[in-house]
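Trainee: Okay, here's the prediction I keep looking at, along with the sequence it came from:
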Amino acid sequence: MSLQTKSFADLITLTRASVGTYLGADGLIKTAAVDVPRFDFSTGKKALLLESSATNLVDTPLASWINNNGAATITTGVEDILGTATAITITYDGSATNMGVYKGFAAAVGAITFSMFVKWVSGATVWRFGSDTLGMYAHIDVTTGELSTKSAGVTGYTFTVLGNGWARVSVSGTVSTAGTYGFSVYSGTVGTGIRSATFSGAQLEQGSGATSYIPTTTAAVTRAADIVAPIDLSGFYLGDGYSIVVKGRMDAVLGDYDRVVQLDAGSDVTRQDFLWNKPTSSFRGEVYDDGEYQAAFLVSDGPQLREVFAMAFALGENHFRAARNGVVGALDSSVSYATPLYLRLGGNSIAGGRPARLLLESVLIYPSLLNEAQLIEVTA
């Protein structure tokens, strides 16, 4: 089979009404201009980064935050991961509990995520991130990412290794009552060891996971959504059926059914798609024709959020078989087939959810039906 390939940069038309940041191949944070696609290396491979709109609710410069207990030694004007002098270094001498910085910010009801960049300097390596007033904080080793302890209010945490000794830590929880809550980075308790580390890029956002860094100064800043125009499939010769293989990672969601890719003929009622099914915590492939459910592939285990996925299905008249990360489903011989005319990426569909953060490594479309062994091979 002859396979023609194109990069996302050549294939897509993307708009975004603001700048956006991403992780470069060197492990450092880069900035893309308005309407410029972002190709991120968070998965270890080059991937198209597609995000919903998000707002950083906090002041990024930590120099304006409050020195808790007045006992920590705070050095300001330190170079951050972007090369600007907005980071601070906190030095803890072991004489008091919870030495560090904090500040109060307004938060609405719902899921919330606090994140920042950190670089270990010397001494002990465990620091505490989060919010005492929300009961969502975690003690994390900033050199390994190992979780030491966490409070009951923590619904998730991440640790991402970056370049030049930097990492990004995030802690997620839930706000039950809207109000102002304190967010902090602390050293820990008395007697747990002298330590020093550099911090920058504080971010507080609504949602269950951290999205790309949004710099602020003294007021909240919003990053606009990535909007990808529908990709015309008229020259792909899919009238007799096709196979699609999608690889990437979904880091954060907004709704219960956030779509990864969708193929359709211009109407959402006739579609074929892959999505994240939040109620079952799994990825799902599904087929609809004129509003009528045709087939679905759903396996309750498999890759979760922030884990790499590989999904595929072969679809034609009376033929649907799907696979996910090397696990293949049974053949469904009772589906009707409508030739798709458009491919939509990252929830840029007529209806349906848009992921908060999606990384697409590749999307392959074959104008033929892959067999069971081939579906296993391309997703293993």
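Mentor: Perfect, I can see it now.
Trainee: Not counting its neighbours along the chain, what's nearest Asp26?
Mentor: Gly163 (5.3 Å; Cβ to Cβ, 6 or more residues apart in numbering). In short, each C-beta sits where N, CA and C put it, glycine included.
Trainee: Tally up the residues packed near the one you found, please.
Mentor: For Gly163, the neighbour count with other Cβ atoms under 10 Å is 15.
Trainee: Which pLDDT value goes with it?
Mentor: Looking at Gly163, its pLDDT stands at 94.
Trainee: and if you look at Val19?
Mentor: The model reports Val19 with a pLDDT of 98.
Trainee: That one reaches Ile29, doesn't it?
Mentor: No. Val19 is beyond contact range of Ile29, at 12.0 Å (criterion: Cβ atoms under 8 Å).
Trainee: who's more crowded, those two?
Mentor: Ile29 (22 against 17).
Trainee: Relative to Tyr213, how far out is the more buried one?
Mentor: According to Cβ to Cβ, to the nearest Å, Ile29 and Tyr213 sit 6 Å apart.
Trainee: okay, and the common contacts of those two?
Mentor: Overlap of the contact sets of Ile29 and Tyr213 (by Cβ atoms under 8 Å, 6 or more residues apart in numbering) consists of Thr21, Gly201.
Trainee: Extract the C-alpha trace of the strand of greatest length in the chain and format it as CSV.
Mentor: Looking across the chain with DSSP state E, the single longest strand is strand 110-123. The C-alpha coordinates for strand 110-123 follow below in CSV (Å, rounded to 0.1, in the frame of the first residue of the first chain):
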residue,chain,number,x,y,z
GLY,A,110,-15.5,23.2,40.5
ALA,A,111,-12.2,21.5,39.7
ILE,A,112,-9.1,23.6,40.1
THR,A,113,-5.4,23.1,39.4
PHE,A,114,-2.4,24.9,40.9
SER,A,115,1.0,24.6,39.2
MET,A,116,4.5,26.1,39.0
PHE,A,117,8.0,25.5,37.8
VAL,A,118,10.7,24.4,40.3
LYS,A,119,14.4,23.9,40.2
TRP,A,120,16.2,22.2,43.1
VAL,A,121,19.3,24.1,44.4
SER,A,122,20.6,22.3,47.5
GLY,A,123,19.8,20.3,50.6
